[in-house]
Structure formats: structure tokens, C-alpha cells
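[1] Just to be clear, the model below is a prediction. Sequence and coordinates:
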Amino acid sequence: MAQATFEEISASDFFYRNRDIAGFTNPSRAIFAAIRELVENSLDAAESLKIPPDIYVRLSFEGEASKDTQIYKLRVEDNGSGIQPRFIPSAFGQVLYGSKYKLKQTRGTFGLGGKMAVLYGQITTHQPAYVASSTGGPKIYCFKLMIDIQRNRPVILDRKVLINKEQWHGTIVEFSLEGDYLRSMPKILEYFKQTAMVNPYANLTFVDPKGRLYKFTRATTSMPEPPKETLPHPYGVDVELLQRLIQITPYTNMLDFLKNHFHRVGEVTAQKFLEFSGLNPNKNPKKLTHEEIVRLMQMLKKFDEFLPPDASCLSPLGEELLRTGIQKELNPEYLVVHQRKPSTYAGHPFIVEVGIAYGGGVPRGGNFVLYRFANKIPLLYDEASDVSFRVINAMNWRRYKVTPDMPIAIVVHICSTKVPYKTVGKEFIADRPEVRREIANELREVARQLGHFLSRQEHVNRERKRLGIFAKYLPKIANFASALAGKTEPPDVEKLLKSVQKYGAEEE
Amino acid sequence: MEQKKNKSRIAEKKNEVINSLRNFGKRIYEQMDSGVFPAISMPSRSTENINYDPELRQFVLGEKTVRRSARNIRHVKPFTQLTWAAMFSNELTTQRKTSTLRDVYYSAQAYEMTFKDQQESNNIITDLETVLGYSREDFNIFPEERSAVFGDLTIEYTVPGYEGRTLNLTSHPDGVLIGPALTSAEFNSTTADKVIAIEKGGLFTRFIEENVHKKYNALLVLTAGQAPRATRHFIRRLHQELNLPVYIFTDGDPWGMHIAMVIISGSANAAHLRELNTPDAKWSGVWATDIVNYKLPTDPLDEVDIKRLYELQKDPRYKEDPLWQREIKTFLKIKRKAEQEAFSRYGLTYIVDEYLPRKLEETK
């Protein structure tokens, strides 16, 4: 069983004062952000066990809070890996405490979201959060806890242990928070729909405060290969990361330090680099001064003989799952998906997968519908700032016989160990040339295929229409002519009709 | 020249028309029956294929033909419409019923044959005229009736229910409508020795009141503006079958002048048809020179009038007789026009007593 390793990094009530940057901007955004963060943690938890996620979300009305806001109780249940009892209080009661500090592709990046949701709930309602979890062992551990904001410490109010007869594994989180469901409802529903699209192997259930049930059923049980943990690539490090590595390293010379803490750096490469940078291979990394660390970082970026990162740390959906997901949520008439080879930007590997869906359940709205995903989470805000949006707008769609009034949906999924978000709010992808190029190439590929489909369809339609005209009029000519000629039986037109079905039979 | 004795003329023509419609149907039937896409050829009616024939003194179609094939996706619908129109015309003529262009447009819908608009159905009827060489009146498709005739002519009806019945065209003082029944009637007898065609209803009535038909021994025909094709054909029959000279009186402006010209030399639109014009008919007035000579009250020519005059000046029909060019030049010089009613400045009967006899003599 995969087990998350936990380590304490830093404390903060910084986020308490700056909750905007984590997405808790206003009551309607907050409720959306809370659901999203917990659902994403749950998806990660199930995927780490390689079992198809079953996630149940219930939002229930508790009472009025102010003129525009209400108190809701949010409950999220999953069938994920669960959390070991000793880590539960910190996992939910301590900001920036988490399992996501190794490099592999996960949905969350800071280990921040779940705790922010709980923290937000606590500061708006002063109620404790309830957490129950089991890793599938004989017991289920239940906690009632609050966060001591100043000291960044969990305060356990109650702890219960239940017998786990059915070997249940997973986590249940329940807490109250203030919000505005009515205004956030469209985004929340859109979030579930798109999450279902990009996680076609997940069952998602949402019960809203009015008691309405939204169910997104999985269309497959096959899942993408889970990502492998990797070390950071030398091109991608910053001073902060270097300092952190130096703090924890057991190695006492630079050569071993480089060999053991960086991705795709072996004996030879490490030696070459040390020669290039003029660093003493025997120097103890812990003795590096701040200036030397800065210089080390700069030299790492300058050295051009590092091998590019490999993509085993990425877990793209793959063409088949992407197809399944889009098919399931949009039911288009025509669908083409494509995945490109891994690429890198600034030392971070990434993979772009795109899909283009035409007709069927795809709405026709005078413009393409764009679905953006990063590491299997939907991006719902700031579409116009996103690199995909810009690439789509810059493309010459006419070349592919595509016009904006067609019912077309475009799906862009970027997987990376470090998704190039422009902002901390994780809403849109920055316009980096490497990323832009990958998206553009990939879109051209699927657009080309769509173009072929459209011209084939146009040809078929034209042919059908042409034959329809002959089939409509030839019998009439036969009838009128025989009435005119005083014949009782009209001449047989079948032979003539057959002859126009052949290619090039038409007289111009 | 055929005389009134030849009573079977009308019936004969009816048979010819019906036969040509049926033959058209047979041709298509046989083509289809032998496994060939039906196709027809007809003279092209495009402007470059319309020529003036000085001998016939009318426009005719040239050598260029167009081919309509049911195998061509763009032709198959009009081809069907044409076949339908032939069948519909055949029903009309054999059942001796009449119809109008408007009626044709709606009748098609009963056969699930739709026309996009009236213009499309009109074009198909013109195609049928071109293919078969008969005018739509021969297929019993008539325009709205508005022209009339008055005078001592006895006709004999051939329309169902009236066969053999006769009518003297002086029986009604408003004149008798030149409609399907009159157009298809035989001419029995007349005492008249000329035909006077008049553009306007007011003057037509004045002429009847003033006994012009008696005083000048004339049949009076009201063209009511541009003469309908049935009326043009009727005037031709009066001239040919009864040997009567034809005099035309119109307003003194380019439009009136052209009304006379169309009666005399036909129109480009009817270049595919024959026997609609009366080349020997005379335009007797009101001329531009009459405006000057009779010092008539006038209106200035406006821009469209002048534009029209320059068009007519180049028209081959207007190059036949120096009279036309002289009158066009005079119009352009005086830049005035006058209506027939303008003679009333000299009293109500002046036009009948003074102007008319002089002009009849002048254009004899």
C-alpha cells in the first residue's frame, strides 16, 4: 500500500490573512473552492491505491448567516487510501502540512487546499471539523478538531475509535462554512461535469442544499498509470528548493549530493557539472554560503549537458480514457483525441493531451466551448487569459473547414509536475512558448482530422442531396410525360436512378 | 389572306396546339422508356440571341440553342416543371378551360410541383412557348383582361356552352372585353373598313359617344396602356383575316410611341413567338410634331422620358421608318410631351371632328 510521507515544513496564519490567494475570495467562490479542494484530495487518495474513486459530496443548509450568505454543512466521503491516525490531526489542522512535497504529478500542489477549506469553515462558523479515516485496518479513527491559528497547531476536541468490520478505507470530512450556494451553483455543477469528463473512471455524487441529486457515473474502471515520484530536475530548481534539500541531505560532499537529489544526474554528469561550475566535489553541501547556493542555482541552469527529464513522473489520461470521458459527458457525433510526446519547460516535464468534439451533445453557441484541464482538474475561471484560449484564437480554423458557429468543443489537458499556472489561484495556464507550441501542434493535428471528417460529411451530404433531387423529380417527369402522352403506365425510372449513383455520371 | 369563310381556323389551331403538347409528352416518355435521360433543345432567349428580322419586322431568336437534360442536377427540377406545365396546358386545352399565370403558380401545388415564386413559374411557361412555338394564350393561359373592342363586327363563339352563338360588338356601349372567349371566337361579318386602336379608356369612351365607329366606319380597340399579347394577336387577326388597315392613337410621349411600336413590331420578350405583331399598322398620333403643329398644352419631359428616347433611338425597330427618328428628334428638341386629352382645349369634339380625319388621311 502506498503510504504518504509527512513532514513539517512551516507554519502560518499567513493564509488566514491572505485567503484570497487560495481561492476563498468571497462567499460564493469559497464554497466552490472548498468542494473542489476536498474532491481533488479524495481523487488523489483513491488513485494512489489504483482503485476507481467513489466520491460522495453533500452540501446541506444549516441556517442564515447574513443577508446574502448562509451556513452550510459540507461532507465529503471517499474510498481512498485513508490517513494513518497519527497524521490525521495535522493533515487537517495544520496549514502547509502535507504529503505533496515530493515531485510527482498530483492535483493539489501545496498541500494547502483541504486545510484552507477547514480553516475557512472555522473562521466563518467557529465550529470544529469532523474527520473520520481508515487505511483499511481493523479500526476507524474519528476526530473532532479545530485549528489554533496563531500557533498553527491542531486542537483535538474529541477522538473516537470505531471497529472497522467491513475493512473500509477512505476519509470522511465534515465541517460547516459560510457561503452563497445559489450564486456558486452553476460553477459547482460545471466543476462536477468537467471533473467527470477528465476522470471517467470515477463515480461522483453530489447532493445539493435543495436535496437535488447529481450523479456522474463512471464509464470505465481502467485507470491511468499512477505517477512515479521523481527527484527535481536541475533545470527546474530554485534557491528555496536547494536550501530545503541541503537541510535534509545525509550526504556530505557535492558529488553525492548532486547524484542523489537530482533527476537524471549520475556520476559522469555530476562530475562534468562540478568541473563546469568550479565547485569542489568534496565540499559539504551544508557548508555552502547563501551566495554559493545562489551561484549553484545559476550554474545548474547554465549547464547544457543535463539530460532532459523523463516523463515517468507524469500520469496523463491517455487517448483512450480522454476519449471515454469526453464521449460520456458530451456524447458528440465525432470525436478525435490526441496525446503528444512529453516535452519540458524550465526543467519540468509536461504532456499535452487534446480532444476535439463535434456535433451531437455539443452545444452550438457561436463560439467553441473550451474545456481546460491541468493534472486532471478542471480550470473554470479566467478562460480568456489561458494559453489554450489564445492558441485557439490565433489558429486559422478555416483551413480545416471549421467555423465558429459549428457545435465544437475543445478539450486541452496539461499534465506536469509543475503546471505553469500564472497565479496562485490555479485558474489558468501561463503563455510559455514551449507549452504554447505543444498545444498549437496538437490542436492542428486534431483539427486536421476534424477537417477530414467535415469534408467527408459534406461530400456525403452533397451526394445524398443530389440523389434525393433525382429521386424526387425523375418519377414526376415520368408521370407527367405519360399522362401527356396518354400512356397508362409511366416509364421505369429505376435504371436512370441507379446510373446517377455512380461517380461522374452527371452531365454538366 | 384568309377570309371569314374559313371557319375551322380556330378549331384547327386548337388541334395543332394539343398535338404538339402530346408529342412533347411522347418524346419524353419514349426517351425514358428506352432508358435515356430525357432532354430537349430550344432556342436560347438570352439577349445576344435576340435579333431583329427586317423581313418579319419583328425580333426573332437566333441560332443559339440551349439543352435541358434531366441528367443535369441543375436542370432536373426545371425540366420537371416544364413537363408539368405541358401536362397542365394539355388539360386546360382539352377540357377547354382557361387559366392565368397566377393560377398556374398555384395549380402546380396540387401536383406537388412547387415554384419558388411567380417569376419562376412565368419563366417555365415562357420555356414552354419557346419549345413548342405557341404563345401561352394558345395553351389557354390568359393575362388579366383589360382591353376591349367596339364596333360592327359579328363574332361566333367557340367556347363551351356558347358554341355557334353570335354577338355583334356594338351590343354593349362600354365595348366588349378581349378575353379568352373573344380571342377564340371566329369572325363572321363586318361593315367596318378600318381599325382604330386607342391607348386610353377615356378617349375610347369619347370615340364611342361621338359615333366614331359610324362616322369613320371603324372598329375601336382599347389597348389600355401597353397592349396585352392577346390583344396584339387580336389586332393582327382583324388586319389579316378581315383585311382592315390599323391606325394607332397614343399619348404624345416616348411611352405612347412605344405602345404603338409593340403592336407594329412586337417586343424582344416575345422574340420566340410569331403572329403577335401587325407590321402594317400605323402610328397616327399623337406625334411630337402634332404637339408643335396643334400647339397642344404640354408637360416637360422628365429625366426617364429623355433616357427612354435615347434608348429607342438606337432600337432597330425605330430605324425602319424615318417617321420614328424624326419624331424622336422632335421630342428631344422640344423637350415637351402631351396627352391625348390635351385636344380638349379646343373643345370636346375637336379631336374627333378635326384631328382624327386629318391624321387618318395623313397616315393612310
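    Done, it's in. Numbering: from 1, shown residues only, chains lettered A, B, ... in the order given.
[2] drop to CA atoms for contacts and neighbour counts, all remaining ones
    Fine.
[3] all helices for chain A, in order.
    Taking DSSP state H to define them, one finds helices in chain A at A:14-17, A:27-47, A:88-93, A:113-125, A:181-198, A:239-248, A:254-261, A:267-277, A:290-302, A:319-330, A:387-394, A:433-485, A:494-500.
[4] Just give the closest residue to residue A:397, not the sequence neighbours.
    residue A:403 (6.7 Å; Cα to Cα, 6 or more residues apart in numbering or on different chains).
[5] What of residue A:445?
    Residue A:445 sits nearest to residue A:338 (Cα to Cα, 6+ apart), 7.7 Å away.
[6] Now do the one you found against residue B:54, distance only.
    As for residue A:338, its distance to residue B:54 is 76 Å (criterion: Cα to Cα, to the nearest Å).
[7] cool, residue A:65 as well?
    100 Å.
[8] Identify the residue spatially nearest to residue B:69, adjacent ones excluded.
    In this structure, residue B:69 finds its nearest non-sequential neighbour in residue B:39, 4.1 Å apart by Cα to Cα, 6+ apart.
[9] burial of residue A:174, as a residue count?
    20 (other Cα atoms under 10 Å in any protein chain shown).
[10] Okay, and the beta partners of it?
    residue A:75, residue A:130 (DSSP bridges).
[11] follow-up on the earlier one: neighbour count winner among residue A:338 and residue B:54?
    More neighbours surround residue A:338 than the other of residue A:338 and residue B:54, with 19 against 14 (other Cα under 10 Å).
[12] check contacts around residue 54.
    This is for chain A. Residues in contact with residue A:54 (Cα atoms under 8 Å, 6 or more residues apart in numbering or on different chains) are A:78-79, A:202-204.
[13] wrong chain, I was asking about chain B
    Shown in contact with residue B:54 (Cα under 8 Å, 6+ apart): residue B:320.
[14] Give me the pLDDT value at the residue nearest to residue A:397.
    We note a pLDDT of 89 for residue A:403 in this prediction.
[15] What sits closest to residue B:339 if chain neighbours are left out?
    residue B:251 is the one closest to residue B:339 (Cα to Cα, 6+ apart), at 4.6 Å.
[16] Could you check how far that neighbour is from residue B:218?
    20 Å.
[17] just residue B:125 next, same as before
    In this view, residue B:125 and residue B:218 are 35 Å apart by Cα to Cα.
[18] Between helix A:433-485 and the longest helix anywhere in chain B, find me the angle.
    Scanning chain B for the longest helix, with DSSP H as the assignment, gives helix B:9-33. Interaxial angle, helix B:9-33 versus helix A:433-485 (axes from the mean of the first three to the mean of the last three Cα atoms, to 10 degrees): 130 degrees.
[19] Okay, domains of chain B per the record?
    For chain B, automatic domain parsing gives the domain ranges B:9-142, B:148-362.
[20] can you put these in JSON lines and add distance to residue A:34?
    Shown next, in JSON lines, are the domains of chain B (distance: least, Cα to Cα, whole Å):
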{"stretch": "domain B:9-142", "distance to residue A:34": "61"}
{"stretch": "domain B:148-362", "distance to residue A:34": "79"}
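[21] Mind putting those domains into TSV with distance to residue A:393 and mean pLDDT?
    Converted to TSV, the domains of chain B look like this (distance: least, Cα to Cα, whole Å; pLDDT from 0 to 100):
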stretch	distance to residue A:393	mean pLDDT
domain B:9-142	39	91
domain B:148-362	53	93
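[22] quick one, what contacts residue A:459?
    Applying Cα under 8 Å, 6+ apart, no residues contact residue A:459.
[23] any idea of the pLDDT on it?
    For residue A:459, pLDDT reads 89.
[24] Show me which residues of chain A are close to chain B?
    Within chain A, the residues that sit near chain B (Cα under 8 Å from any Cα of the partner chain) are A:466, A:469-470, A:473-474, A:476-478, A:480-486, A:490-493, A:495-496, A:500, A:506-508.
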